[in-house]
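Novice: I need the structure of the sequence given here:
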Amino acid sequence: MTGKACMILGMNGTKAFLKIKKDLISLGFEVTDIEINLDELIKYCKIRGIKKDGKARSQFVQDK
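Specialist: Purely as a prediction, here's the structure:
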């Protein structure tokens, strides 16, 4: 299996993130790390009235 994967690191998921990233790479995925400016994310969530979670991070990155 090959493909591309985009991973967004949550503030408290470093070990889990690294394991998933390693697993995806071993399966043949090309993994791209994306850094997020937390101040921008907080503002994005506040403006939209949404909870700061994985779904919000994903939406934020897609909107950029």
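
Novice: Please make it C-alpha for all contacts and neighbour counts, starting now.
Specialist: Fine.

Novice: need the helices for the protein, in chain order.
Specialist: Here the chain has its helices, by DSSP state H, at 14-26, 38-48, 54-63.

Novice: Using a markdown table, please lay out these together with mean neighbour count, distance to T32 and mean pLDDT.
Specialist: What follows is these, written out as a markdown table (neighbours: other Cα atoms under 10 Å; distance: least, Cα to Cα, whole Å; pLDDT from 0 to 100):
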| stretch | mean neighbour count | distance to T32 | mean pLDDT |
| --- | --- | --- | --- |
| helix 14-26 | 13 | 9 | 85 |
| helix 38-48 | 13 | 18 | 94 |
| helix 54-63 | 13 | 12 | 90 |
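
Novice: Count the residues that sit near K64.
Specialist: Look at K64: counted by other Cα atoms under 10 Å, it has 5 neighbours.

Novice: how close does it sit to I36?
Specialist: 10 Å (Cα to Cα, to the nearest Å).

Novice: can you check G49 too?
Specialist: Taking Cα to Cα, one finds G49 at 19 Å from I36.

Novice: neighbour count winner among the two?
Specialist: Between G49 and I36, counted using other Cα under 10 Å, the more crowded position is I36 (14 against 9).
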